[in-house]
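**Student:** Got a sequence here, can you model it:
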Amino acid sequence: MSRGFALIALAVMVPALSACGLKPLYAGAGSPVVTQGLASVDVPAIEGRAGWLVRNAINDKLSAAGSQNPRYRLDIRLDDTLQGLGILGDDTIGRERRTLRARYQLVDIASDAILLDATAGADAGIDVVSSEYATIAAEQRALENLSTEIADRIVTRVALTLRSRAADGSAAPVQP
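**Tutor:** I've put the predicted structure just below:
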């Protein structure tokens, strides 16, 4: 009985999904503007270990570790903090919070116009254990995870900006 109900529910929901207005961001053959625009974004070096991790994650997502003819520049400043929380009875820290914040700007290189000025942030909780090595490893792993999360948010926001500029006609498609 439940299998039949699931099939009926699926049959009813499929047409509704197509009418929801959801548009794929990376519509390769239909609208290459976003894909080409992302490939033409240059990400200059970012200071520190967190900067190195964020830059590499962004370049992986842009699928170009540096375009031959970059049209845009993505300037990023990071703020990485590690804060002790949860003081135990023996005055030691039992929990930490690692916070990574990014302020970024998408700049059109030709006109030096700022197309996007935004921030992204993420944080993670870390248990402080008796092993100092384990605590340091947890802090580093948290930084790696936060860097990936920040990179995802930045690339998504840049892609949305490029798509809206193409839809407005304010940017011609990027030529490879």
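
**Student:** Nearest the geometric middle of the chain, what residue?
**Tutor:** residue 152 (2.0 Å; C-alpha atoms, centre = their mean).

**Student:** Nearest spatial neighbour of that one, chain-adjacent residues omitted?
**Tutor:** Computed as C-beta to C-beta, 6 or more residues apart in numbering, the closest residue to residue 152 that is not its neighbour in sequence is residue 61, at 7.1 Å. C-betas here are computed from N, CA, C, even on glycine.

**Student:** contacting residues around that neighbour?
**Tutor:** 38, 151, 152, 155 (C-beta atoms under 8 Å, 6 or more residues apart in numbering).

**Student:** And these, which is closest to residue 54?
**Tutor:** residue 151 (5.6 Å; C-beta to C-beta).

**Student:** what about residue 134, how many neighbours?
**Tutor:** 12 (other C-beta atoms under 10 Å).

**Student:** Need the pLDDT of residue 130.
**Tutor:** At residue 130, the predicted lDDT confidence score is 84.

**Student:** scratch that, residue 160 is what I was asking about
**Tutor:** 90.

**Student:** Could you shift the numbering so residue one becomes 443, and keep it that way?
**Tutor:** Right, with 443 as the first residue, what we last looked at is residue 602.

**Student:** for it, phi and psi?
**Tutor:** phi -60, psi -40 (degrees, to the nearest 10).

**Student:** ditto for residue 535
**Tutor:** phi -80, psi 130.

**Student:** If any of the contacts of residue 503 are buried, give me the ChimeraX selection for them.
**Tutor:** Those of the contacts of residue 503 that count as buried under 16 or more other C-beta atoms under 10 Å are selected in ChimeraX with:
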select :480,593,597
